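Chemist: show me how the following folds:
(one chain, ligands or ions: 1)
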Amino acid sequence: MDSAPQTTNPGVTAAWQALIDHRKDIESTTIVDLFSNDPNRVSHLSMEAAGLYLDYSKNRVNTETLVRLKALAEASGLKQAIQDMFSGAAINHTEGRQVLHTALRSTDTAPLIVDGKNIREDISAALTKMEGFVNQVQSGQWLGYSGKPITDVVSVGIGGSYLGPRVAIEALRPFWVDNIRSHFVSNVDGADLAYCVESLNPETTLFIVQSKSFKTQETLANALSAKEWYLSTGGDADNIARHFVAVSSNINLATEFGIDADNIFPMWDWVGGRYSLWSAIGLPIALQVGMANFRELLAGAEDLDNHFRTAPLEANMPVILGLLGVWYHNFLGAHSHVILPYDQSLENLPAHLQQVDMESNGKSINRGGHQVDYGTGPIIWGGAGTNGQHAYHQLLHQGTRWTPADFILPLKTHHAIGEHHAMLTSNCFAQSQALMCGKSFEQAKAELMASGMSEEKAEELAPHKVIPGNRPSNTILMDQVNARTVGALIALYEQKVFVQGVIWDLNSFDQWGVELGKQLSDSILPLLKGEESDSAQVDASTADLVNRFKQANQ
Ligand code: F6P
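Modeler: Numbering: from 1, shown residues only. Below you'll find the predicted structure:
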């Protein structure tokens, strides 16, 4: 661990206090009133960057709120922090690492030195290696053991070595090449692998073992079982290198596993797992949509990075999104944040952003090693619209908890079937409008009476139909879902999370909280197998659960 950095407790800054003082002004008005007071609110509170349009006018903010939020960003040293990240300072101090996933998508050629090496050369070499491999597989020159081309690519990985590639591949379905089908195995639940391989032919299947550390229990277990499946279904042991490649920073463990050293694509310590889809961890993406589209994905993210680096704080999309989140979570009492893509191909985007956000900022110790006394990372959840409208939107509209929402919508569809896209869009716009405007008791009662109900009955039912409104949301539009806009969109959220981490004085790039569960699982596993486990210090409840498992599996 590097020495603890100089830290700023945001809660003791004048800027924080100024926001506390300002709270009553916003609590005494509504978003609808704010619109009435400013006919140009939409043009004041919207912006474009990297092919994305953000309308943040439906938020509980006025000009003064934004001035005060910007002052908080300045007090937290955000501008310097952005510089530090891009220039390769070791901002992940608890692991003594730089944070340079932005370099993976940068076309800048100025040397960027890590441990005495220009990493631009490593990145470029990795892209060239990926390109060569992708071309061989896609063109059918990379043959399986029986001389047939590869038709199915199975990515074996978990967390950041799984979610990002999966989301990008799903989003880019209109750009898939015809002769490759992608599959994912992540869960250590044997069902995941079993269902995946049941329709596959070992002769034409390629496994990519995706693990930065090559130590992750689930990935290693799945990779080993995949190898057993390959061998037990006729796969040729001498040609295993044609069917198993890896992406890892741990060359030794990957070769020990049996991967040919030539078929190991690099990863580096300066790329965090949840920020790794831009590296060779994106190999499955490139195989499915081609290297040109993979480069477009990088280009979209670079566009967003360039905007983030250079735009003033008040006109900076990730900064605005980050500050709005801080406003709601630290000053107005929200606890979660919902991501609502109105696009079926982005269905799993919330799951990826959940990892990006919650593994980065789900922390209660500041960079100096002290307990924080303010809220940090929100609970991130969500799913595709319109499906959620028939499920959790009830709570969004009428629940006792309110949740800031991000609506994400492409203006053009790849699937022009009848009026579907206009219907999808009308639902998306209606939801944010309903959240903001709500429905009063008088409106509800009048509607009921207009439908023929008696006044007495209408008064009885109307309270159930009241929608409080004044619930904030952002709307993010893009022309179409394509590699460039998906790259920009994911980078937008990565940088938003970074902004919040800086304001909350967190190291957003370590993840110590996931370690204890891994350690305990390692000591419980031998108990389940009936072996002695010295390290197991199980409590009475866990001991009973272990016994129940053993009895059921005798
Ligand atoms: O469990 C957390 C984690 O370390 C994530 O941060 C990471 O994305 C995932 O596990 C997978 O790690 P690896 O790529 O080393 O297998």
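Chemist: CA atoms for contacts and neighbours, from now on please.
Modeler: Will do.
Chemist: in the stretch 301-450 of the chain, what residue lies closest to the ligand?
Modeler: E359 (7.2 Å; Cα to the nearest ligand atom).
Chemist: what do you get for the stretch 1-150 of the chain?
Modeler: Counting by Cα to the nearest ligand atom, the stretch 1-150 of the chain gets nearest the ligand through E95, at 12.5 Å.
Chemist: give me the neighbour count for that residue.
Modeler: 17 (other Cα atoms under 10 Å).
Chemist: begin at 809, not 1, for the rest of this chat.
Modeler: Let's use 809 as the start, then, which means that last one is E903.
Chemist: what about the closest residue to it other than its chain neighbours, neighbour count?
Modeler: Nearest non-adjacent residue to E903, counting by Cα to Cα, 6 or more residues apart in numbering: M809, 5.3 Å away. Using other Cα under 10 Å, M809 has 9 neighbouring residues.
Chemist: return the per-residue confidence for M809.
Modeler: M809 is assigned 71 on the pLDDT scale.
Chemist: cool, A1344 as well?
Modeler: At A1344, pLDDT is 60.
Chemist: what is the end-to-end distance of stretch 1140-1158?
Modeler: 23 Å (Cα to Cα, to the nearest Å).
Chemist: ok, residues contacting that stretch?
Modeler: 831, 975, 978-981, 1136-1137, 1186-1194, 1209-1218, 1232-1233, 1236 (Cα atoms under 8 Å, 6 or more residues apart in numbering).
Chemist: and what of stretch 1049-1056?
Modeler: Residues contacting stretch 1049-1056 (Cα under 8 Å, 6+ apart): 950-953, 1013-1022, 1062, 1066-1068, 1071-1076, 1088-1089.
Chemist: can you flag the buried ones in the residues you listed?
Modeler: Neighbour counting with 16 or more other Cα atoms under 10 Å marks 950-953, 1013-1022, 1062, 1067-1068, 1071-1076, 1088-1089 as buried within the contacts of stretch 1049-1056.
Chemist: which ones among those residues also lie next to the ligand?
Modeler: 1019-1022 (Cα under 6 Å from any ligand atom).
Chemist: same list, these, but as TSV with secondary structure please.
Modeler: Shown next, in TSV, are these (DSSP: H, G, I helix; E, B strand; the rest coil):
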residue	secondary structure
S1019	coil
K1020	coil
S1021	coil
F1022	coil
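Chemist: circling back to that earlier point, what about the residue of the stretch 1109-1258 of the chain closest to the ligand, how many neighbours?
Modeler: 20.
Chemist: for the closest residue to it other than its chain neighbours, give its distance to K1020.
Modeler: Counting by Cα to Cα, 6+ apart, the nearest residue to E1167 once its immediate chain neighbours are dropped is Q1319, at 6.1 Å. Distance, Q1319 to K1020, using Cα to Cα: 14 Å.
Chemist: what about M1257, how many neighbours?
Modeler: 17.
Chemist: can you give me phi and psi for it?
Modeler: phi -70, psi -40 (degrees, to the nearest 10).
Chemist: check what pLDDT it gets.
Modeler: pLDDT for M1257: 98.
Chemist: where exactly do the strands run in the stretch 1159-1308 of the chain?
Modeler: All strands of the stretch 1159-1308 of the chain, identified by DSSP state E, counting those that start in this stretch, fall at 1187-1190, 1213-1218, 1281-1286.
Chemist: any idea which helix or strand in the chain has the lowest mean pLDDT?
Modeler: helix 1323-1336 (a mean of 92; mean pLDDT, DSSP states H and E).
Chemist: can I get it as PDB, trimmed to CA atoms?
Modeler: Provided in PDB are the C-alpha atoms of helix 1323-1336 (Å, rounded to 0.1, in the frame of the first residue of the first chain):
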ATOM      1  CA  GLU A1323     -12.500 -10.700   0.200                       C
ATOM      2  CA  LEU A1324     -13.900 -11.900   3.500                       C
ATOM      3  CA  GLY A1325     -16.700 -13.900   1.800                       C
ATOM      4  CA  LYS A1326     -14.100 -15.500  -0.500                       C
ATOM      5  CA  GLN A1327     -11.900 -16.500   2.500                       C
ATOM      6  CA  LEU A1328     -14.800 -17.900   4.500                       C
ATOM      7  CA  SER A1329     -16.000 -19.900   1.500                       C
ATOM      8  CA  ASP A1330     -12.600 -21.400   1.200                       C
ATOM      9  CA  SER A1331     -12.800 -22.700   4.700                       C
ATOM     10  CA  ILE A1332     -16.400 -23.800   4.500                       C
ATOM     11  CA  LEU A1333     -15.900 -25.900   1.300                       C
ATOM     12  CA  PRO A1334     -13.800 -28.600   3.000                       C
ATOM     13  CA  LEU A1335     -16.500 -28.900   5.700                       C
ATOM     14  CA  LEU A1336     -19.100 -29.600   3.100                       C
END
